[in-house]
Structures are given as structure tokens and as C-alpha cells.
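Student: Got a predicted structure here, sequence first:
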Amino acid sequence: MFSLARRLWLAWRQEVYSRKILARLSDAQLKDIGLTGDDIKRYR
């Protein structure tokens, strides 16, 4: 039971961490990886 809760929490933390990193990238850097600023704002 606790392992499921821990896995869900870890997945959520990874998502938050990824969003923070992507939010710091410039538009040119986002374009290089196939994203736009609007893509990032949509998932905030």
C-alpha cells in the first residue's frame, strides 16, 4: 500500500521538476526540442 503511494508521489515530483526545468528554457531552446512556450503554459 505504501509503495503505491510512494510511486505516485515520486511520479508527481518528477512532473513538477520537469515543468520547472522546461519553464526556464528560452523559446529557441524549446523549439530545438519541438515545443513552444504555449505547450509549457498549458500544463501549469
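Tutor: Done, it's in.

Student: Only C-alpha atoms from now on, for both contacts and neighbour counts.
Tutor: Fine.

Student: quick one, helices of the chain?
Tutor: Using DSSP state H, the helices of the chain run over 2-24, 27-32, 37-42.

Student: Run through the neighbouring helices and strands of the first one.
Tutor: Same thing as helix 2-24. Contacts defined by 3 or more C-alpha pairs under 8 Å, 6 or more residues apart in numbering; DSSP states H and E place helix 2-24 against helix 37-42.

Student: repeat that for 7 Å
Tutor: Secondary-structure packing of helix 2-24 (3 or more C-alpha pairs under 7 Å, 6 or more residues apart in numbering; DSSP states H and E): no helix or strand packs against it.

Student: For that helix, buried residues please.
Tutor: For helix 2-24, the neighbour count (16 or more other C-alpha atoms under 10 Å) marks residue 22 as buried.

Student: coming back round to it: dump the helices of the chain to TSV, plus mean pLDDT.
Tutor: Formatted as TSV, the helices of the chain follow (pLDDT from 0 to 100):
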stretch	mean pLDDT
helix 2-24	93
helix 27-32	95
helix 37-42	88
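
Student: Neighbours of residue 33, how many?
Tutor: Residues lying near residue 33 (other C-alpha atoms under 10 Å) number 8.

Student: Check the gap between it and residue 11 for me.
Tutor: Residue 33 sits 22 Å away from residue 11, going by C-alpha to C-alpha, to the nearest Å.

Student: Distance-wise, check residue 13 relative to residue 30.
Tutor: Distance of residue 13 to residue 30, computed by C-alpha to C-alpha: 21 Å.

Student: Residue 30: neighbouring residues, count only.
Tutor: Residue 30 is flanked by 17 other residues according to other C-alpha under 10 Å.

Student: State the number of residues packed around the nearest residue to it once chain neighbours are set aside.
Tutor: Of all residues not flanking residue 30 in the chain, residue 36 sits nearest, at 5.7 Å (C-alpha to C-alpha, 6 or more residues apart in numbering). Residue 36 has 15 neighbours, counted by other C-alpha under 10 Å.

Student: where does residue 36 land on pLDDT?
Tutor: On the pLDDT scale, residue 36 is placed at 92.
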